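[1] Quick one, structure for this:
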Amino acid sequence: MPELGGSYSRPRAYTYYRSDEGGGPACGDQPAPARNAFYCPAGGFIAWDESGLMIPYYVGGGDFAASFVLAHEFGHAMQARLPRQEQTGVLRELQADCFAGAWARWVAQQNLLEEGDLDEATLAVFSGRDLPGTAWTDPAAHGSGFERTRAFGDGFESGVKNCYPAPAERWILR
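    So this is what the prediction gives:
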């Protein structure tokens, strides 16, 4: 974070919930979404739906697919600590993908990647893509599969300095 102009502080909490057993932690006045994960700036925490998102990602995509989801949300937590905030929703999401890629780079540098881990992460990145026809200006947009894969790959190949500020001209293909 210091090399990007921000100061590092970790999220206050990491928590799971099970949408099949009721609601999760609210973020302000917003209820926890089913089959999703999120960073809550108001509470400073990262939360994920264990039964509706993480277990299916783990079973269908592998351990590193599930890890990508948490790394993406951690990317949102780091965005909140940076001096310049991306305003466009899709660019914020792609930047979080890039930060997740930079984290995967660190994991590789620690010799902790297993064979197939990057394939698992790429599958997770791609499966979380927008439906064709989603406008990049849609507040809920995350990017196409190609945009998300490119942003994750940029973080993996070049580290966090390639993620901030977010290079819209390279990532948004529409």
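
[2] This protein: strands as residue ranges?
    Taking DSSP state E, the strands of the chain run over residues 13-17, 37-40, 45-49.

[3] how far off strand 45-49 does the first one point, in degrees?
    I take that to be strand 13-17. Orientation of strand 13-17 against strand 45-49 (axes from the mean of the first three to the mean of the last three C-alpha atoms, to 10 degrees) gives an angle of 20 degrees.

[4] Give the residue farthest from the middle of the chain.
    Among the C-alpha atoms of the chain, the one farthest from their average position, using C-alpha atoms, centre = their mean, is that of E21, at 24.7 Å.

[5] In this structure that residue contacts S51, no?
    Yes. Between E21 and S51 there is a contact at 7.3 Å, judged by C-beta atoms under 8 Å. All C-beta spots, glycine's among them, are computed from the backbone N, C-alpha and C.

[6] who are the neighbours of the longest helix seen in the chain, in terms of helices and strands?
    Among the elements of the chain assigned as helix by DSSP state H, the one spanning the most residues is helix 89-109. In this structure, helix 89-109 makes packing contacts with helix 63-79, helix 117-127, helix 145-158, helix 168-171, judged by 3 or more C-beta pairs under 8 Å, 6 or more residues apart in numbering; DSSP states H and E.

[7] Show residues contacting the worst-scoring helix or strand of the chain on mean pLDDT.
    In the chain, the helix or strand scored least confidently by mean pLDDT, DSSP states H and E is helix 168-171, which has a mean of 89. Contact with helix 168-171 is made by 88, 91, 94, 98, 143, 147, 150-151, 154, as judged by C-beta atoms under 8 Å, 6 or more residues apart in numbering.

[8] quick one: contacts for the spatially most central residue of the chain?
    With distances taken as C-alpha atoms, centre = their mean, H72 lies nearest the centre of the chain, 1.7 Å away. Shown in contact with H72 (C-beta under 8 Å, 6+ apart): 37, 96-97, 99-100.

[9] Show the pLDDT at it.
    On the pLDDT scale, H72 is placed at 97.

[10] how near is it to L94?
    Here H72 is placed at a distance of 10 Å from L94 (C-beta to C-beta, to the nearest Å).

[11] Same question for D29.
    D29 sits 27 Å away from L94 when distances are taken as C-beta to C-beta.

[12] which of these two has more neighbours?
    When neighbours are counted by other C-beta atoms under 10 Å, D29 and L94 differ, and L94 comes out ahead with 32 against 6.
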